[in-house]
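Trainee: coords please:
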Amino acid sequence: MKKPEPKGPPAPPVKPVRKAPEPLKEVKVPKTSTKSSVPYQPGYTPLEKRVETVRSNETLVKYSDADLNEFRELINKKLEAAKKELTYLQGLITRKDEMGGDNDDARYMTMEDGSMSMEREQLSQMASRQITYIDHLEKALMRIENKTYGICRVTGKLIDKARLRAVPHATLSLEAKLGLVKPSAE
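Mentor: Modelled structure (predicted):
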């Protein structure tokens, strides 16, 4: 097939036509003044303002002083045991450091050196967990002093006594811990 031959000089390129700029639309800015705004009011009611009575469908809002004293004794016992355990672990770590000093120039790495290092790391992790546990117990003692101990931080209701005896530093009820209850926004 034969291509048709052009019949004259090529046409000049077409220039795009400029459109007139569109006028800007007026934007309305919403009025935001602090006088008409509603102040933020969280659903939390301070403990002092809560009523300490048992209603037909509600539970007590806080534990009695006798209950708090019982929990204080339990926490103090666990705290003392935890501090002894921490001291023991720190002693083991110190002894491991003294035994496996890395200052010897003529030493070669052996399997025993690796296991000693791994054991030291495990002891450090256990000591770290123990420090965290002690911190939680001390915070529980502060909550007892503030008379806010045993109150779930999600639901605002009392945590079951059996749970507090098992885990004295608990701040969530079982329902809140398992995610069965959404945070209350009253």
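
Trainee: show me where this protein dips below the pLDDT cut-off.
Mentor: Scanning the chain for pLDDT under 70 picks out the ranges 1-9, 27-60, 97-114, 181-186.

Trainee: make it 80
Mentor: 1-61, 96-117, 179-186 (pLDDT under 80).

Trainee: how about the helices in it?
Mentor: Under the criterion DSSP state H, helices of the chain are mapped to 65-99, 111-145, 161-166, 174-177.

Trainee: identify whichever of the ones you listed lies nearest to residue 15.
Mentor: The closest of the helices of the chain to residue 15 is helix 174-177. By C-beta to C-beta, the value is 70.5 Å. C-beta coordinates here come from the backbone N, C-alpha and C atoms, glycine included.

Trainee: what's the most buried one of the helices of the chain?
Mentor: Most buried of the helices of the chain, by mean neighbour count (mean count of other C-beta atoms under 10 Å): helix 174-177, with a mean of 16.

Trainee: now the nearest residue to residue 165 once chain neighbours are set aside: how far from residue 81?
Mentor: The shortest distance from residue 165 to any residue other than its chain neighbours is 6.7 Å, reached at residue 74 (C-beta to C-beta, 6 or more residues apart in numbering). Distance, residue 74 to residue 81, using C-beta to C-beta, to the nearest Å: 11 Å.

Trainee: for residue 149, phi and psi?
Mentor: phi -70, psi 140 (degrees, to the nearest 10).

Trainee: what sits against it?
Mentor: Listed by C-beta atoms under 8 Å, 6 or more residues apart in numbering, the contact set of residue 149 reads 63, 68, 71, 140, 143.

Trainee: now compare these and name the two farthest from each other.
Mentor: 63 and 140 (12.4 Å).

Trainee: shared neighbours of those two, which are they?
Mentor: With C-beta under 8 Å, 6+ apart, residue 63 and residue 140 have common neighbours 71, 149.

Trainee: name the nearest of the contacts of residue 149 relative to residue 94.
Mentor: Nearest to residue 94 among these, with distances taken as C-beta to C-beta, is residue 140, at 29.2 Å.

Trainee: does that closest one touch residue 159 like I think?
Mentor: No - between residue 140 and residue 159 there is no contact, the gap being 11.2 Å when judged by C-beta atoms under 8 Å.

Trainee: hang on, the earlier thing: can you put the helices of the chain in a markdown table and add distance to residue 18?
Mentor: Listed next are these as a markdown table, based on distance: least, C-beta to C-beta, whole Å:
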| stretch | distance to residue 18 |
| --- | --- |
| helix 65-99 | 79 |
| helix 111-145 | 70 |
| helix 161-166 | 76 |
| helix 174-177 | 65 |
